[in-house]
Structures are given as structure tokens and as C-alpha cells.
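A.B. asks: just coords:
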């Protein structure tokens, strides 16, 4: 199979602060020729991290740069290593170019329509690589200009997904690759901020089921003063988790201040470490 796309891999806005917010799973675009090979369910791209740029609308106010993926993770997953290696050995995961959904249903109408190695390489070169080239370049620019850089990798997921975890996921899942992706004490400071959300009914955890994907693990280099955090949120904390996946402004208004406070905590940490 051959892959081509007619859209840029990302939308980017440069900010003024030493912080980049990455949205690797918000894209919904599937090139038409590829969509024809998908099942009807897969074409609905259920596994999208819906509406996150709207939830993070405060990014511009605080001066953060933003990098927003345009293509669905079913085309290529920006938060997987380029070789597709599992980040959670022994646990169920989806690949660089997924062939099954979070619900464990097939993406393709038949195995014969799944991508081969050559097509996976084309998707990686045309979509995955441009996103990561921009991400790396912006972190390098921020580091050069400010002396330190913060990376916030924004995610969301259905709160109940038996394939990946038992029961209901905590609402705010902070990941620092067990402390390796950021400076000492930052993860704990962020968890303390997250726990303030308990008054509004939001639960939280640090390095639980989600400890940070490829982006957090690869770009978080605290020895070089680049500090990376992943936040995996339950979608029930701001939106309707099932079709039509509507944004729920009244619900989102409760969690948004907690998310903003955590992002500002990372920014303050980076600004302090740059001095």
C-alpha cells in the first residue's frame, strides 16, 4: 500500500514564554484513500483526544507555544517511538500505526489492508517526522533564548477502558517517567497542585498507569534544563465520552483552573531554573 497526505502534519503557534504545549493526539484527519480501508467505526476516530486545545485555551494568555497534530493517531501515533517499540512492556498497547482500537476492534476491514513496513515508513516520514522536527526545533529555540525549556504533553482518554486498566482511571494522571523527565521535586509539586482538585471531585496520581509516552521520555532532559510532563486526563472531566463527543463547557469550567495551575507550576519551575 502507498500513503500520501495533502495536509500539513501540525499547526504551530510560537509563544513568548519558555514553555511548549504539545497536543499529539487531537488530530482527526485521515486521508480519503486510507479511510476507505478503515472499518466504519475506525473512520469515526473514537480514540481522539477531543477538544484539548479548547480546554487549554489559556495557553496563549500565559505565553506558551503550542504544537497541534492534525492527523488521527490511527494514521500514525506521534507519541510512539519511530521503531514502534512498546513503552509499557507486558501491557496492552497500540502501535506506531495502530491496527486495533482502544476498544480492541480492528481498524482495517481486513488484514490484507493493514500497512506494510514500506507504508509505515511513508507515514512516519510524512507525518510523524515533521511533527517531531518542529517539536525539537521549538524546544531548542526556547532553550537557547531562555536557558531552560518546559514541555507539557497534553492527553485525554475515556475514563473506563478495560483493555488498558481496571476500573475507572483517576482524572488527572501526571507522568514524569518516574522522575527521569524533569527536575527533582517537580512531579511532586504538580501532584500537590492536582490534589487541590479533590474539592471539585477530581482524583489524581503521579506515575500511575500512564508515566509518560515517547514525547515525555525522549525530550525530557533535566540535565540539559529541559523538563517534560505528561498529563493524561479522563475525558469525563470535561466532555462527553461517547458519540458525538461533545465538549461540555460547564463541566470543563470546573477542571480547567486546576489544569492551568499545574501548567503554570511547570512554567514557574522552568523560569526559576533558568536563572
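C.D. replies: That came through, no problem. Predicted model only: the values in this text are computed from it and were never measured. Residues are numbered from 1 along each chain as shown.
A.B. asks: flag the shaky bits of the protein, pLDDT-wise.
C.D. replies: Per-residue confidence for the chain (pLDDT under 70) gives these ranges: 86-94, 162-164, 275.
A.B. asks: residue ranges of the helices in it, please?
C.D. replies: 32-35, 40-43, 52-55, 117-123, 129-146, 186-195, 214-219, 249-273 (DSSP state H).
A.B. asks: mean neighbour count and distance to residue 242 added to the ones you listed, as CSV?
C.D. replies: (C-beta placed from N, C-alpha, C; glycine too.) Putting the helices of the chain into CSV (neighbours: other Cβ atoms under 10 Å; distance: least, Cβ to Cβ, whole Å) gives the following:
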stretch, mean neighbour count, distance to residue 242
helix 32-35, 15, 21
helix 40-43, 15, 12
helix 52-55, 19, 17
helix 117-123, 15, 28
helix 129-146, 17, 28
helix 186-195, 19, 25
helix 214-219, 22, 27
helix 249-273, 17, 14
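A.B. asks: tell me which of these sits nearest to residue 100.
C.D. replies: Residue 100 lies closest to helix 40-43 among the helices of the chain, at 9.3 Å (Cβ to Cβ).
A.B. asks: take the helices of the chain and write them to JSON lines, including distance to residue 226.
C.D. replies: Output for the helices of the chain, formatted as JSON lines (distance: least, Cβ to Cβ, whole Å):
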{"stretch": "helix 32-35", "distance to residue 226": "34"}
{"stretch": "helix 40-43", "distance to residue 226": "35"}
{"stretch": "helix 52-55", "distance to residue 226": "22"}
{"stretch": "helix 117-123", "distance to residue 226": "27"}
{"stretch": "helix 129-146", "distance to residue 226": "6"}
{"stretch": "helix 186-195", "distance to residue 226": "12"}
{"stretch": "helix 214-219", "distance to residue 226": "6"}
{"stretch": "helix 249-273", "distance to residue 226": "9"}
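A.B. asks: right, so of the ones you listed, which gets closest to residue 10?
C.D. replies: helix 129-146 (5.0 Å).
A.B. asks: ok, which of the helices of the chain comes nearest residue 26?
C.D. replies: Per Cβ to Cβ, nearest to residue 26 of those: helix 52-55, 5.2 Å.
A.B. asks: now that closest one, how far from the centre of its chain.
C.D. replies: Here the centre of helix 52-55 is set off from its chain's centre by 12 Å, with Cα atoms, centre = their mean, to the nearest Å.
A.B. asks: same check, this time on stretch 49-62
C.D. replies: On Cα atoms, centre = their mean, the centre of stretch 49-62 falls 13 Å from the chain's centre.
A.B. asks: buried sites along it?
C.D. replies: By 16 or more other Cβ atoms under 10 Å, the buried positions in stretch 49-62 come out as 49, 50, 51, 52, 53, 55, 56, 59, 62.
A.B. asks: how near is the second one to residue 2?
C.D. replies: For residue 50, the distance to residue 2 equals 30 Å [Cβ to Cβ, to the nearest Å].
A.B. asks: re earlier: now for the buried residues of stretch 49-62, which pair is the farthest apart?
C.D. replies: For those, the maximum inter-member distance is 22.5 Å, found between 50 and 62 (Cβ to Cβ).
A.B. asks: thanks again, I'm all set now.
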